[in-house]
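**Student:** quick check, what structure comes out for this input:
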Amino acid sequence: MWSLSFILNPPQGLTIPVILLLGFILGLLHGATPDEHTWPITFSYSVGSYSSRGGAKAGLVFSGGFALQRAILTTLGFLGLVAVYERYDLNGPVYILVGVVMFVAGWYLLRGSDVHVPIDAFFERALGRFFGDHTHHSTRVLAQEPVPEGEVKPASLRMALVHGFVAGWGLGGFATILVFVLTPQMPSVGWAALVGGMFGLGTMVMQIITGALFARLSRLGKLTMGQIQRLGQRTAARTLYFGGLVFVVMGGLVAAFPRLESYAVSTGNPIPNLDSLGISTALIILVVGIVGGGSLWRAYREVSRSPAQAPSASDALSAGPKHRDPLP
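**Tutor:** Numbering: from 1, shown residues only. Prediction:
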C-alpha cells in the first residue's frame, strides 16, 4: 500500500505502469481538492446546466480540455521546454487569460447571445449517449431558441472545453510533481504525453462528481423546472462575468508583484492546494464563495419572486417525463 508521502514525493527508478498509476492518483487528488484553476470554472458551467447530469457533463468537457493540455504540458516537460516555468512565474498571465475568457463568456450570456458552431450539437449528441440522456436534441433546440428579454442564454459546453485547456497552463504543486519528477522517467515523448493524459483522466473523474454536486445547488428550494433553469443560467452568466473580472485583477496583481504568491499561511497538510492559504485560496473564496454564492442567492430571489411559468415544449423534453433530475 502506497503512503501519501510516496505519492507526493515519488522516487526515481519507477516502472512505466507505476508512473501512469501515480499520474492518475495525483489527478484524483487534484480534482478533489479546491483548486483555483478548476473549481471556479466548473462551478460556473455546472450551475448553468441546472441538473446533476448536466453538471457532470460540464465537468467532463472542462476536464477533457484540461487533460489535453496536461498531455501537451508533460510532452513539453519531457523535451525540456518547460524550463521557462523555473525562470518566470506564469500564474499571473494565466489568471488574466482565464479571467478574460470567463468575462467574454459571461458577457455573451448576459446579452442573451452566443456564437453557435457545429461542435455544440456534436457535444450534446455524444454526451447524451454517454450519459444515457435522451434530451440532447431538445437541449440543442433550447440553445437556439430566441431568448426572452431580460433572460440569459445557457452556457455552452464548448466554452467549458476551451476553459479547461486555458486554465491548465498554471503550474501548481501537482503539475510540478508531474512535469519535473514523473515525466523525465518515461522512455519517450509518447509515454510522457500519456502521463499527462492519466493525470487529466483522474482530474476528470473528480470533476464529473464535483460538477454534479455544484449543479445540485441550483435545485435548492421549491422551484418549478422553468425557474430552476433560469436560476442556473443567471448564476452561471454572472459568475463567469464578475468572476472573470476578479481573475483579471488578481492576475494583474500577481504579474506586477510576484512576491504576493509567497505570502501564505501553512496548514501543515502535505497535499497541494490544502498545504497553505494564500492567493489561490483567496481566488476560490472570491469567485466561488462570494461571486458565485452571491449570484446564486440573487438569482434565487429573482426567480422565486417572479410568477412560475409553464414549461415550454423544450423545457418539458429536457426535464423528462416527470420534470425531475435523472440522477438522485
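**Student:** remind me which residues of the chain are low pLDDT?
**Tutor:** For the chain, the stretches with pLDDT under 70 are 1, 49-51, 85-86, 112-124, 127-155, 170-171, 217-223, 306-328.
**Student:** where do the strands of it begin and end?
**Tutor:** Here the chain has its strands, by DSSP state E, at 265-266, 276-277.
**Student:** among those strands, which is the most enclosed?
**Tutor:** Mean neighbour count (mean count of other C-beta atoms under 10 Å) peaks for strand 276-277 among the strands of the chain, with a mean of 16. Quick note: C-beta positions are derived from backbone N, CA and C, even for glycine.
**Student:** can you tell me the centre-most residue of the protein?
**Tutor:** residue 42 (3.1 Å; C-alpha atoms, centre = their mean).
**Student:** who's in contact with it?
**Tutor:** 58, 59, 62, 207, 210, 211, 214 (C-beta atoms under 8 Å, 6 or more residues apart in numbering).
**Student:** relative to residue 102, which of the strands of the chain is closest?
**Tutor:** Across those, residue 102 has its closest neighbour in strand 276-277 (23.1 Å, C-beta to C-beta).
**Student:** state the distance from the residue nearest to residue 102 when sequence neighbours are not counted to residue 251.
**Tutor:** Ranked by C-beta to C-beta, 6 or more residues apart in numbering and with sequence neighbours excluded, the top spatial neighbour of residue 102 is residue 244, at 3.2 Å. Distance of residue 244 to residue 251, given as C-beta to C-beta, to the nearest Å: 10 Å.
**Student:** more neighbours: the two, which one.
**Tutor:** Neighbour comparison, residue 244 and residue 251: the larger count goes to residue 244, with 26 against 23 (by other C-beta atoms under 10 Å).
**Student:** columns distance to residue 184 on top of the strands of the chain, output as CSV?
**Tutor:** Formatted as CSV, the strands of the chain follow (distance: least, C-beta to C-beta, whole Å):
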stretch, distance to residue 184
strand 265-266, 28
strand 276-277, 26
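**Student:** which positions within stretch 69-77 qualify as buried?
**Tutor:** 69, 70, 71, 72, 73, 74, 75, 76, 77 (16 or more other C-beta atoms under 10 Å).
**Student:** ok, and the closest non-adjacent residue to the last one?
**Tutor:** The reference is to residue 77. Residue 77 sits nearest to residue 179 (C-beta to C-beta, 6+ apart), 3.8 Å away.
**Student:** the one you found is in contact with residue 74, isn't it?
**Tutor:** Yes - counting by C-beta atoms under 8 Å, residue 74 is a contact partner of residue 179 at 6.1 Å.
**Student:** one step back: among the contacts of residue 42, name the ones in helices.
**Tutor:** 58, 59, 62, 207, 210, 211, 214 (DSSP state H).
**Student:** for the last one, give me its contacts.
**Tutor:** Residue 214 is in contact with 42, 43, 46, 47, 55, counting by C-beta under 8 Å, 6+ apart.
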